[in-house]
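Student: Predicted model and sequence follow; I will ask about them next.
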Amino acid sequence: MPRSQKNDNFIDKTFTVLADIVLKILPTSKEEKEAFSYYRDGMSAQSEGEYAEALENYYEALKLEEDPYDRSYILYNIGLIYASNGEYVKALEYYHQGLELNFKLPQALNNIAVIYHYQGVQAVEEKNVELSKLMFDKAAQYWQQAIKLAPDNYIEAQNWLKTTGRMKNIQGY
């Protein structure tokens with residue numbers, strides 16, 4: 001049974017009904033409709049913590065989806081799952097693939113920065129000063145890009161950039 005038929009939550013049911021109506025009235029191909037259905041089911045599974053099911057749906061959506069913009073969000077969501085499971089190398093791969101298709105994904109840039117910052121903190125704990133500086137510099141680079149795209153977001157990152165002296169080349173700063 002498709003996940004869209006399993007939703008118990010009122011908001012999920014409402015979203016599913018509206019999405020089904022939109023799918024029926026939009027002039028899209030069968031493949032595009034099927035890709036969206038897999039994507040929607042992937043998001044639903046992901047929101048419930050059913051990551052294996054979500055990945056299956058996202059991979060099916062990727063097989064069908066041709067639009068680069070839509071593919072970028074599928075790739076981004078796959079990256080989210082890998083990051084939440086601690087598989088940071090895979091997460092970075094999917095975030096970067098999403099950015100190749102849609103360079104205006106500040107949330108992917110932010111998540112890449114978060115991973116590098118985490119790795120910098122780990123390096124500090126291991127007393128590896130050189131690696132920590134490299135990871136923190138990489139985090140700064142990605143946070144600066146994210147902030148350029150979404151200047152009102154990522155306030156904690158902006159504060160970190162300011163307090164560490166890494167706030168550079170961002171308009172308004």
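Tutor: Nice, I can see it.
Student: so residue 140 makes contact with residue 163?
Tutor: No: look at residue 140 against residue 163 with Cβ atoms under 8 Å: they stay out of range, at 11.5 Å. Just so you know, the C-beta spots here come from the backbone N, C-alpha and C atoms, and that holds for glycine as well.
Student: Have a look at those two and say which one is more surrounded.
Tutor: The neighbour count for residue 140 versus residue 163, taken as other Cβ atoms under 10 Å, is higher for residue 140 (22 against 9).
Student: Ignoring the adjacent residues along the chain, who's closest to that one?
Tutor: Spatial nearest neighbour of residue 140, chain neighbours left out: residue 166 (3.8 Å); criterion: Cβ to Cβ, 6 or more residues apart in numbering.
Student: Might you report the residue contacts of residue 146?
Tutor: 106, 107, 109, 110, 113, 153, 154, 157 (Cβ atoms under 8 Å, 6 or more residues apart in numbering).
Student: give me the element the fifth one is part of.
Tutor: The reference is to residue 113. Secondary structure assignment for residue 113, by DSSP states H and E: helix 106-125.
Student: I would like the residues contacting that helix, please.
Tutor: 76, 79-80, 83, 88, 91-92, 95-96, 98-99, 129, 131-136, 138-143, 145-147, 149-150, 153-154, 157, 160.
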